[in-house]
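Novice: Could you look at this predicted model? Sequence included:
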Amino acid sequence: NKQTMTSFEVPPDSWSCETCTFFNPNSVLACTACYRTKTSAKDLPYQWEWSANPDQWIPYDIPSSQEIEEAHQSKRSTCGLSQGFFASAPRTYKINFNYDDRRFEQINVRTGNVRRVRRISDDDNSIMQPVDIKELEGVICVICQEPFEGANKEGVSEVVKLPPCAGHYFHRGCIAPCIKLKDE
């Protein structure tokens, strides 16, 4: 008895989760069913995430991330969420930015529930700490195994280290996609 496998086409304006195959709207960066981050999210210049628990970070949808990023770039202390997922309940959630200690929080103004928020970006030196290339004679990038060449045309160090990775150094462009995809 021969079995036939049926294939499904991804509906327009959707993406299929690589882990569970659930169809999600293009505006969301994490699967609605399993919360895995969409692989193409690594190509975004920045990503805002909220902490569901100490070990899990879930990205905000694209419209919400854009709203948060605009407030962050403007150095506002608060951002009322009203785009994307939050459009159905405007003024219910807000982000508080504490730039002195880099602590960002999402607050449900009705319940007082607080969740940690973070920004993942390849220009974030709190996660990817720049390293002076003079300290690294003969050291190569752990990922691509190529030598380091110094700063880019904007003068930003292309050599970075991660706080938990003692003794390992990376090209900023090699490690950034790995950090953006980390969701567990």
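Specialist: Yep, it's here. Numbering: from 1, shown residues only.
Novice: Please make it C-alpha for all contacts and neighbour counts, starting now.
Specialist: Fine.
Novice: Please identify the helix or strand for residue 118.
Specialist: When elements are assigned from DSSP states H and E, residue 118 belongs to strand 114-121.
Novice: Go ahead and name everything in contact with that strand.
Specialist: When contacts are defined by CA atoms under 8 Å, 6 or more residues apart in numbering, strand 114-121 is touched by residues 45-52, 103-108, 176, 179-180.
Novice: Tell me the buried residues within those residues.
Specialist: For the contacts of strand 114-121, a neighbour count by 16 or more other CA atoms under 10 Å gives the buried set as 46-51, 104-107, 176, 179-180.
Novice: Turn those residues into JSON lines, columns for secondary structure.
Specialist: Output for the buried ones among the contacts of strand 114-121, formatted as JSON lines (DSSP: H, G, I helix; E, B strand; the rest coil):
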{"residue": "46", "secondary structure": "strand"}
{"residue": "47", "secondary structure": "strand"}
{"residue": "48", "secondary structure": "strand"}
{"residue": "49", "secondary structure": "strand"}
{"residue": "50", "secondary structure": "strand"}
{"residue": "51", "secondary structure": "strand"}
{"residue": "104", "secondary structure": "strand"}
{"residue": "105", "secondary structure": "strand"}
{"residue": "106", "secondary structure": "strand"}
{"residue": "107", "secondary structure": "strand"}
{"residue": "176", "secondary structure": "helix"}
{"residue": "179", "secondary structure": "helix"}
{"residue": "180", "secondary structure": "helix"}
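Novice: closest to residue 163 among the residues you listed?
Specialist: Sorting the buried ones among the contacts of strand 114-121 by distance to residue 163 puts residue 179 at the head of the list, at 12.4 Å, by CA to CA.
Novice: returning to that earlier point: what is the nearest of the buried ones among the contacts of strand 114-121 to residue 127?
Specialist: Using CA to CA, residue 179 comes nearest to residue 127 of these, at 8.8 Å.
Novice: which one among the buried ones among the contacts of strand 114-121 gets closest to residue 79?
Specialist: Of all the buried ones among the contacts of strand 114-121, residue 106 has the smallest distance to residue 79: 9.3 Å, by CA to CA.
Novice: residues in contact with the nearest residue to that closest one once chain neighbours are set aside?
Specialist: Sequence neighbours aside, residue 95 is the residue nearest to residue 106 in space, at 4.4 Å (criterion: CA to CA, 6 or more residues apart in numbering). When contacts are counted by CA under 8 Å, 6+ apart, residue 95 touches 68, 78, 79, 80, 81, 104, 105, 106, 107.
Novice: Which of the three states applies to residue 72?
Specialist: Here residue 72 is helix, with the state taken from three-state DSSP.
Novice: That one - how many residues pack around it?
Specialist: A count of neighbours around residue 72, defined by other CA atoms under 10 Å, yields 19.
Novice: Going by neighbour count, which residues in stretch 13-30 are buried?
Specialist: Neighbour-count burial for stretch 13-30 flags 15, 16, 17, 23, 24, 25, 27, 28, 29, 30 (criterion: 16+ other CA under 10 Å).
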